[in-house]
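S.K.: Dropping the sequence and predicted coords here.
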Amino acid sequence: MAGMVRLRNDCSSSVESCHYSTTGVVYYTKRHPNKFWCIYNLLMLNLIVSPAIREKLLTKHSVKEGEVTECFYNRVGSYLEDDEEDHRTDPPSYWFISETNCGRRLKVVFVAKDGNVYLKTAYDANQKSESIYTKLSQPQE
């Protein structure tokens, strides 16, 4: 079901916009000739977000879990290992920068273990991170 899209034409919204639910289901309205469509983008990812990380994302960074999921699916560049000494973990932490479906650019940091992706943090990408990512990342194959 990864990447499955359901279309509904009963959307009451009259403005093109993005909305995020706390469950990670992302939907947005898109203008269609004479109608508005609600598009539900259901993304499946073995993304594990602890309650403490989820709370930090919302309160400190104003990032919703659905936005993080979108970044994983919208990623163009490669994952980079976080090799700063005070950020090193076993297994290693990786990061990337990607856009949400609404164009917000986030830096996402995670650990991959046993087929799962454990989110460490996600926040708006700054210019320094953008520069490093542009220089070091390779496009996905």
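M.R.: Yes, it's here. Numbers count the residues shown, from 1 in each chain.

S.K.: Skipping adjacent residues, who's closest to Glu81 in space?
M.R.: Pro92 (5.2 Å; C-beta to C-beta, 6 or more residues apart in numbering). Where you see a C-beta, it was placed from the backbone N, CA and C, and this is true even at glycine.

S.K.: count of neighbours near Ile132?
M.R.: 14 (other C-beta atoms under 10 Å).

S.K.: wait, Ile97 sits on Leu106?
M.R.: Yes - using C-beta atoms under 8 Å, Ile97 is in contact with Leu106, at 7.0 Å.

S.K.: Which stretches in the chain count as helices?
M.R.: 51-56, 65-74, 127-136 (DSSP state H).

S.K.: and those, which is most packed in?
M.R.: helix 65-74 (a mean of 21; mean count of other C-beta atoms under 10 Å).

S.K.: end to end, how far does stretch 89-108 reach?
M.R.: Stretch 89-108 has its terminal residues 16 Å apart, counting by C-alpha to C-alpha, to the nearest Å.

S.K.: Could you pull up the mean pLDDT of it?
M.R.: Confidence over stretch 89-108 (mean pLDDT, whole number) is 93.

S.K.: Quick check: buried residues in that stretch?
M.R.: Buried residues in stretch 89-108, defined by neighbour count with 16 or more other C-beta atoms under 10 Å: 93-101, 104, 106-108.

S.K.: Kindly reformat those residues as CSV containing distance to Leu58.
M.R.: Converted to CSV, the buried residues of stretch 89-108 look like this (distance: C-beta to C-beta, whole Å):
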residue, distance to Leu58
Ser93, 21
Tyr94, 23
Trp95, 20
Phe96, 21
Ile97, 20
Ser98, 19
Glu99, 20
Thr100, 15
Asn101, 18
Arg104, 14
Leu106, 14
Lys107, 17
Val108, 15
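
S.K.: hmm, back to that, shared neighbours of Ile97 and Leu106, anything?
M.R.: Ala125 (C-beta atoms under 8 Å, 6 or more residues apart in numbering).

S.K.: Pro139 and Val117: what is the separation?
M.R.: 20 Å (C-beta to C-beta, to the nearest Å).
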